[in-house]
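Undergrad: A structural model of the following input is requested.
(2 chains)
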Protein chains: 2
Amino acid sequence: MTEPAGPEPAGAEPALLAEVLRGDCVESRHRGHAIVCDARGDIVAVWGDPDARIFPRSSCKMLQALPLLESGAGAGLSTEQLALACASHSGAGMHVTRVAGWLDALGLAERDLRCGSQVPDDAAERHRLRDTGESPCQLHNNCSGKHAGFLTLNRHLKGGPEYVEIDHPVQVAARGAFEEMCGAPILGWGVDGCSAPAFVTTLRGFGTAMARMADPCGLGPARQDAAQRLVAAMAEHPLLVAGEGRACSELMAAMPGGVAVKTGAEAVFAAILPGRGLGVAVKVEDGSTRGSECAIAALLVRLGALDADHPAALRRLGAPSLSRRGATIGAIRPAEGFYEAGRRL
Amino acid sequence: MTEPAGPEPAGAEPALLAEVLRGDCVESRHRGHAIVCDARGDIVAVWGDPDARIFPRSSCKMLQALPLLESGAGAGLSTEQLALACASHSGAGMHVTRVAGWLDALGLAERDLRCGSQVPDDAAERHRLRDTGESPCQLHNNCSGKHAGFLTLNRHLKGGPEYVEIDHPVQVAARGAFEEMCGAPILGWGVDGCSAPAFVTTLRGFGTAMARMADPCGLGPARQDAAQRLVAAMAEHPLLVAGEGRACSELMAAMPGGVAVKTGAEAVFAAILPGRGLGVAVKVEDGSTRGSECAIAALLVRLGALDADHPAALRRLGAPSLSRRGATIGAIRPAEGFYEAGRRL
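TA: Below is the predicted model of the structure:
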């Protein structure tokens, strides 16, 4: 257990990352911090403050899943299950049935989860629940795959049922992997919406961790294998990592080369580029998803990983806003200077 | 018609207005601009850039409604109708039936509106629509009261049916009132979600307009009467201006002295303090409503208009975030320095 961190040191001001236009005028702006790192922790490019303290939230689920594989607990898991362990899913049928089957195979059930119930984002499942009179359950929680992974590790570690407590062996293992990959002790922690601990690190620390997921050859054989399997599983099953229409799913499906991306609440976005050994981390200071989706798409284009003309890119780089009568009245765009499509890092 | 404005001149950086905490750590921040003005246009207090260009959006509906009364077109309107003309309502039954009755009294109908259909925010009305198989209509649009006001003015001006066009006599009148109250020509315009023009002015211009609504004695008798009637109608009917649980309604109900407040999309918030002759304008740069609601509540407390311990204030000054299992895991708060409850302006 760490004590709460002291006051955050003053660093570089956040950079303009995205602008929201109405007609020809800028109506709103999103500032934040963005970084591209390599596996040594060196900064390839940065906007804003590399030392900004961030909660990666759900964007670090692949780090939390490392002990699941390293321990051997997850030896028999499928690539679909590994993708779900890293997912913030929409609670669609494809997610819920797979998590339910996973728990069943462990001899466990929905009641063993500690993530809490959530109304699913997936419209078809929401309508099905309404039509049948069923209530949303913990399987619908966007983190239920991560929690199935926690329960799998917990069986191996023989921990108690309250596996989301900060000092539970499952969370001690998750924190250890997080700190080792970021290259520094955590700077604080809080509780996530799913009741699991949410750790604080710097933007640079998190970018380094993403680069190490992309280029894990310096990590030792067990971690290297775990990192490669998790990243490959995410890239192989984009829809299991998020869902229909969601940025993570659409962007991963649009990119060749096994690039994995993952969003987190309050406008964090991470990318893992195995082919180049680079990691990307974005935090829009104000927590707006529209800003982080625009910024990560701009960076992926700039890095040459994403085709700027792909519909999945266009939807994030220039998402239009519509009047109630369907006319286009504005759009979001990457801020000038942040995004130069012609210039590759 | 003005040409699109040139590039925005560089001004003061936005100020920190609100912080979002997770545990003891700041997770997200909202920056923006806030001002308190008097009716001469003098600045009483400012955070950020007084010359920041903003779209007041729906927070200026009371300005758009001035010609309705000054022209005599709205002479027979009730205070309820005047409150609806200034409203961004939830589309609840109380709103929809009153707007429908208003149109009926004009010999018009829902099809004469040009605001477009909107799924109502009000849960009871949404469920009623679902249960009866009815579709949301233009009466449910949060701006339908403003549009009923436009149609009332249009009957008087004998304009054509497309009353939302920028050069239609109704919009020429609305723009004229907007510019006179702000004390300057508009700096651009776009189209609002309801298809009506949305004008651009400076934060100081909009704060001045709000102060003139609070202290209209220098405006000439027709405008003075119109301003006083509109502000009084808003303060008298808080629920018609927004709806159950909404910030505008709860804050107005919590404040004595006829204070009127009005939110606008993309995180604008305005306040009119008749007792002190002051106007307040807030624009959170990133467009987040949680930030603008926190900032306006902090300013109203600081101005002595709102009791910091009132539940309506507490809900905006320290709104908690909850885990899916109902535990408090974070909160929003006014940024340090912006909010000093002990210090009155």
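Undergrad: Could you check which residue of the stretch 101-250 of chain A lies nearest chain B?
TA: The nearest approach of the stretch 101-250 of chain A to chain B comes at A:Gly116, 2.7 Å away (CB to the nearest CB). For every residue, glycine as well, the C-beta is placed using N, CA and C.
Undergrad: That residue reaches A:Pro136, doesn't it?
TA: No. With contacts counted by CB atoms under 8 Å, A:Gly116 stays clear of A:Pro136, the gap being 10.0 Å.
Undergrad: quick one: which of those two has more around it?
TA: Neighbour tally, A:Gly116 and A:Pro136, criterion other CB atoms under 10 Å in any protein chain shown: the higher count belongs to A:Gly116, 23 against 18.
Undergrad: and the residue lying closest to A:Arg324 once chain neighbours are set aside, what does it touch?
TA: Among residues not flanking A:Arg324 along the chain, B:Gly116 sits closest, at 2.7 Å (CB to CB, 6 or more residues apart in numbering or on different chains). B:Gly116 makes contact with A:323-326, B:138, B:141, B:193-195, according to CB atoms under 8 Å, 6 or more residues apart in numbering or on different chains.
Undergrad: Repeat that for A:Ser71.
TA: A:153, A:156-157, A:173.
Undergrad: what about the stretch 1-150 of chain A, any weak spots by pLDDT?
TA: Applying pLDDT under 70 to the stretch 1-150 of chain A flags residues A:1-9.
Undergrad: in the stretch 51-200 of chain A, which spans are helices?
TA: A:61-64, A:66-70, A:79-85, A:93-105, A:123-132, A:144-157, A:169-182 (DSSP state H, counting those that start in this stretch).
Undergrad: Most tightly packed of these?
TA: helix A:61-64 (a mean of 28; mean count of other CB atoms under 10 Å in any protein chain shown).
Undergrad: That one - contacts with which helices or strands?
TA: Applying 3 or more CB pairs under 8 Å, 6 or more residues apart in numbering or on different chains; DSSP states H and E, one finds that helix A:61-64 makes contact with helix A:144-157, helix A:169-182, helix A:203-214, helix A:221-236, strand A:260-264.
Undergrad: Which one of these lies nearest to B:Gly32?
TA: helix A:203-214 (22.7 Å; CB to CB).
Undergrad: Report the mean confidence score over the closest one.
TA: The average pLDDT for helix A:203-214 rounds to 98.
Undergrad: what helices or strands is that helix leaning on?
TA: In this structure, helix A:203-214 makes packing contacts with strand A:25-38, strand A:43-47, helix A:61-64, helix A:169-182, helix A:221-236, strand A:268-273, strand A:278-284, judged by 3+ CB pairs under 8 Å, 6+ apart.
Undergrad: export stretch A:33-41 as CSV, just CAs?
TA: Taking C-alpha atoms only, stretch A:33-41 is exported to CSV below (Å, rounded to 0.1, in the frame of the first residue of the first chain):
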residue,chain,number,x,y,z
HIS,A,33,-1.2,15.2,-23.1
ALA,A,34,0.0,12.7,-25.7
ILE,A,35,3.2,10.7,-26.0
VAL,A,36,4.9,8.1,-28.3
CYS,A,37,7.5,6.0,-26.5
ASP,A,38,9.8,3.2,-27.2
ALA,A,39,10.5,0.1,-25.0
ARG,A,40,13.5,1.8,-23.3
GLY,A,41,11.2,4.5,-22.1
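Undergrad: Let me know whether it sits next to chain B.
TA: No. With CB under 8 Å from any CB of the partner chain as the criterion, chain B is not reached by stretch A:33-41; the gap is at least 11.3 Å.
Undergrad: got the contact list for that stretch?
TA: A:14-15, A:17, A:43-50, A:52, A:54, A:183, A:203-204, A:207-208, A:210-212, A:214-218, A:277-283, A:285, A:295, A:299, A:303, A:338, A:345.
Undergrad: Identify the residues contacting the residue positioned nearest the centre of chain A.
TA: Nearest residue to the geometric centre of chain A (CA atoms, centre = their mean): A:Ser59, 2.2 Å. Residues near A:Ser59 by CB under 8 Å, 6+ apart: A:206, A:262-264, A:268-270, A:281.
Undergrad: Same list (the contacts of A:Ser71) but as TSV, adding distance to chain B and pLDDT.
TA: Converted to TSV, these look like this (distance: CB to the nearest CB, whole Å; pLDDT from 0 to 100):
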residue	distance to chain B	pLDDT
A:Leu153	21	98
A:His156	25	98
A:Leu157	23	98
A:Ala173	21	98
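Undergrad: element containing A:Leu251?
TA: helix A:247-254 (DSSP states H and E).
Undergrad: Please list the residues of the stretch 151-300 of chain A that sit near chain B.
TA: Selection of the stretch 151-300 of chain A residues close to chain B by CB under 8 Å from any CB yields A:187-195, A:198, A:200, A:266-267, A:284-288, A:291.
Undergrad: related to what we said a few turns ago, I'd like the contacts of B:Gly116 laid out as TSV, including neighbour count and distance to A:Val241.
TA: Shown next, in TSV, are those (neighbours: other CB atoms under 10 Å in any protein chain shown; distance: CB to CB, whole Å):
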residue	neighbour count	distance to A:Val241
A:Ser323	19	33
A:Arg324	21	33
A:Arg325	17	35
A:Gly326	9	31
B:Gln138	23	39
B:Asn141	31	37
B:Gly193	24	32
B:Cys194	26	37
B:Ser195	24	38
